[in-house]
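Enquirer: next comes the sequence, and after it the predicted model I'd like to discuss.
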Amino acid sequence: GCDNFFKNNVRVKKDADFMGCIGDLGWYCVRMGLLVFSQMDSAELRKGLIQEVQVVKYQLNEEGVPLDADCLVYFSGNRVLTFHCS
């Protein structure tokens with residue numbers, strides 16, 4: 001993005017979207033993992049499908065908002081979703 005984006009966009013402001021790229025894009029990846037690993041069964045989604053979540057590598061801006069992140073989501077049954085968002 002351009003300098004204007006990194007200074008003024010709501011996605012990089014701590015008081016607007018403190019989760020940054022993870023809150024903006026990462027939830028799409030997690031939702032897809034939930035759909036795939038639950039085999040589209042809503043009862044399965046309520047059983048504690050997600051066991052652990054880790055952000056293993058990240059870059060923060062001067063306000064502490066994530067601009068770049070590599071994430072792991074551990075699901076039951078030894079299944080792991082990995083994704084990158086920036």
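Expert: Looks like it arrived, so ask away.
Enquirer: and the closest residue to Lys14 other than its chain neighbours, how many neighbours?
Expert: Excluding the flanking residues, the one nearest Lys14 by Cβ to Cβ, 6 or more residues apart in numbering is Glu63, at 4.1 Å. Heads up, the C-betas are built off the backbone N, CA and C, glycines and all. When counting by other Cβ atoms under 10 Å, one arrives at 12 neighbours for Glu63.
Enquirer: swap in Cys85?
Expert: Around Cys85 there are 20 residues (other Cβ under 10 Å).
Enquirer: before we move on, the earlier item: how close does the residue nearest to Lys14 get to Gly20?
Expert: Using Cβ to Cβ, to the nearest Å, Glu63 is found at 9 Å from Gly20.
Enquirer: tell me the centre residue of this structure?
Expert: Nearest residue to the geometric centre of the chain (Cα atoms, centre = their mean): Gly26, 2.8 Å.
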